[in-house]
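1. After the sequence you'll find the predicted model.
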Amino acid sequence: MSGSGVLERPPTATVVVGGGLAGTTAALALADAGLRVTLVETRPRLGGLAFSFRRGELTVDNGQHVFLRCCTAYQWFVDRIAARDLVTLQDRLDVPVLDADTMRLGRLRRAALPVPLHLAASLATYPHLSLRERATVGRAALALRALDLDDPALDDTDFASWLSERGQSPRTIEALWDLVGVATLNATADRASLGLAAMVFKTGLLSEAGAADIGWAAAPLGELHDDRARKALDAAGVRTMLRSRVTGIKPAAEGGWRVDAETGPGRGEQLDAGTVVMALPQRETHGLLPQGALEDPDALLGIGTAPILNVHVVYDRKVLRQPFFAALGSPVQWVFDRTDSSGMTGSGQYLAVSQSAVEDEIDLPVAELRARYLPELERLLPAARGARVTDFFVTRERTATFAPAPGVGRLRPGAATGAPGLYLAGAWTATGWPATMESAVRSGLNASREALTALGLPFENDVVRAV
């Protein structure tokens with residue numbers, strides 16, 4: 001490549017490929033341990049699939065992202081980039097759930113009681129299930145709590161079958177298990193691995209009383225995952241190369257790795273390093289993976305993807321008086337008020353409708369989505385019936401997450417590879433978590449731990465010791 005340069009390659013020289021949450025985490029952790037790190041990202045920004053963009057006066061998140069109190073790795077990341085002031089976290093779990101057919105509002109919330117009593121009162125009065133259905137939920141929850149998450153057999157079973165065998169009606173699955181599962185797994189129970197579903201419910205709802213308290217960004221995601229993250233990387237001494245694409249990763253003749261990067265039209269740079277962390281989506285990883293790094297590299301191609309659709313609506317007045325709610329009996333899944341976080345001023349309100357597991361809708365034209373969702377919002381929100389829509393637009397992430405289908409667990413590789421000095425990161429790697437921001441950060445920490453251990457350096461972050 002013309003204009004190439006070569007960097008010195010001592011053992012402490014490290015290249016991280018990918019500037020999403022996984023790559024940014026790995027770069028920070030490795031730099032904190034004293035390594036000289038270069039981070040290479042194709043896009044003009046950091047943040048991967050959790051980012052923001054400008055639309056008129058609004059700063060829009062590409063999708064609604066939340067975390068739970070049990071997401072300790074992501075919260076470590078927030079603190080590491082000095083962004084705690086940009087997120088909010090519920091004092092106590094409280095989810096309004098509106099049935100579109102009856103217009104009854106129920107709530108899933110916890111009391112100040114130990115597990116599992118913390119949810120008992122809420123479930124006992126949950127209006128969207130019959131008395132008999134509520135009684136069966138407790139038995140299923142106890143059976144779920146007894147599952148061994150290390151049992152590989154859980155990965156071969158779908159969650160819906162397991163629930164049905166334990167007396168959960170289709171309505172119970174829709175109004176409770178899928179209400180949570182679709183949002184966290186990006187799949188309905190019939191398409192979700194029991195292993196991943198059990199991990200979500202055991203960790204979030206059945207481990208500690210406050211584990212499922214919900215957090216979200218109170219500012220645009222770009223302020224966290226790009227602005228604050230870049231400042232943290234700069235302060236840690238990381239060299240960040242944006243608008244640069246890695247085209248090859250090859251063993252160097254004298255040991256270590258040689259990473260070829262395109263930095264612009266007709267320009268390139270050759271980066272030499274003792275350690276390389278690949279923090280890319282699974283298909284991109286497969287395309288760049290050096291020979292012999294994985295025993296079965298084609299397994300990465302077996303890890304499917306799942307889309308997420310976000311419908312954005314701006315009204316000329318306030319139509320929702322709570323931060324968010326979930327809906328039943330409607331195409332609408334979750335609705336969030338993004339007015340303040342987007343920087344919107346005036347008397348209007350900006351709502352984001354977050355739709356997971358929407359393979360049948362992801363490619364629909366905007367006009368069809370408008371005709372589908374605006375009447376539904378008017379049905380759910382009486383105040384919207386007289387309001388004027390001043391803007392309507394859609395964001396689509398066709399490969400937002402890996403598909404958590406039964407059998408996916410055996411396809412997810414760990415951080416270490418068969419190639420010395422080469423490590424993998426990404427929410428799709430073997431973190432034990434579904435494709436969440438928590439999984440992405442954990443994967444970056446896992447890769448860092450493996451790399452530092454191989455170099456004989458201490459890994460002092462205890463967030464992922466249990467993984």
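-> Good, I have the coordinates. Numbers count the residues shown, from 1 in each chain.
2. Between its first and last residues, how far does stretch 378-388 reach?
-> 11 Å (CA to CA, to the nearest Å).
3. OK, contacts around Pro290?
-> By CB atoms under 8 Å, 6 or more residues apart in numbering, Pro290 lies in contact with 249-251, 419, 422. For every residue, glycine as well, the C-beta is placed using N, CA and C.
4. can we see that at 6 Å?
-> 249, 419 (CB atoms under 6 Å, 6 or more residues apart in numbering).
5. Check His286 too.
-> 297, 300-301.
6. Alpha carbons of the helix or strand harbouring it, as PDB, please.
-> According to DSSP states H and E, His286 maps onto helix 282-288. Only the C-alpha atoms of helix 282-288 are listed here, as PDB (Å, rounded to 0.1, in the frame of the first residue of the first chain):
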ATOM      1  CA  GLN A 282     -18.900 -12.500  13.700                       C
ATOM      2  CA  ARG A 283     -18.900 -12.400   9.800                       C
ATOM      3  CA  GLU A 284     -16.300  -9.700   9.600                       C
ATOM      4  CA  THR A 285     -14.200 -11.700  12.100                       C
ATOM      5  CA  HIS A 286     -14.500 -14.800  10.000                       C
ATOM      6  CA  GLY A 287     -13.300 -12.800   6.900                       C
ATOM      7  CA  LEU A 288     -10.200 -11.600   8.700                       C
END
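7. now what about the helix or strand just after that helix, what contacts it?
-> Next along the chain after helix 282-288, taking DSSP H and E as the criterion, comes strand 305-315. With contacts defined as CB under 6 Å, 6+ apart, strand 305-315 is touched by 63, 186, 348-356, 358, 361-362, 373, 387, 390-401, 403.
8. Are any of the residues you listed buried, and if so which?
-> Judged by neighbour count, with 16 or more other CB atoms under 10 Å as the criterion, the buried members of these are 63, 186, 348-356, 358, 361-362, 373, 387, 392, 394-397, 400-401, 403.
9. So which of these sit within helices?
-> Members of those lying in helices (criterion: DSSP state H): Tyr373.
10. Among the buried ones among the contacts of strand 305-315, which lie within strands?
-> Mapping these onto strands (DSSP state E) picks out 349-356, 392, 394-397, 400-401.
11. Show me which pair in these is furthest apart.
-> The two members of these with the most space between them (CB to CB) are Gln349 and Thr401, at 28.4 Å.
12. show me where pLDDT drops low in this protein?
-> For the chain, the stretches with pLDDT under 70 are 1-11, 464-467.
13. still on that earlier bit, of the contacts of His286, which is the nearest to Ser443?
-> Closest to Ser443, out of all of the contacts of His286 and judged by CB to CB, is Leu300, at 13.9 Å.
14. what's near enough to touch that closest one?
-> Contacts for Leu300 (CB under 6 Å, 6+ apart) come out as 282, 286.
15. If we use 8 Å, what do you get?
-> Per CB under 8 Å, 6+ apart, neighbours of Leu300: 282-283, 285-286, 289, 294, 411, 413.
16. Endpoint to endpoint, stretch 414-427 covers what distance?
-> 11 Å.
17. Enumerate the positions of it that are buried.
-> Using 16+ other CB under 10 Å, the residues of stretch 414-427 that count as buried are 414-417, 419, 421-427.
18. These: which two are farthest apart?
-> Gly421 and Ala427 (22.7 Å).
19. how much space between Ser439 and Thr25?
-> Distance, Ser439 to Thr25, by CB to CB, to the nearest Å: 11 Å.
20. Kindly write the PyMOL command that selects the buried subset of the contacts of Leu300.
-> A single PyMOL command selects the buried members of the contacts of Leu300 (16+ other CB under 10 Å):
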select buried, resi 282+285+286+289+294+411+413
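21. Dump the contacts of Leu300 to a markdown table, plus distance to Ala326.
-> A markdown table is the format used below for the contacts of Leu300 (distance: CB to CB, whole Å):
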| residue | distance to Ala326 |
| --- | --- |
| Gln282 | 30 |
| Arg283 | 32 |
| Thr285 | 34 |
| His286 | 36 |
| Leu289 | 40 |
| Leu294 | 39 |
| Leu411 | 31 |
| Pro413 | 34 |
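22. List just the nearest of the contacts of Leu300 to Leu123.
-> Closest approach to Leu123 among these (CB to CB): Leu411, at 35.0 Å.
23. List the contacts of the closest one.
-> 299-300, 302-303.
24. Just the closest of these to Ala435, please.
-> Ile303 (9.9 Å).
25. The closest one contacts Phe402, correct?
-> Yes: using CB atoms under 8 Å, Ile303 is in contact with Phe402, at 5.1 Å.
26. overlap in contacts of those two?
-> With CB under 8 Å, 6+ apart, Ile303 and Phe402 have common neighbours 282, 408, 412, 428.
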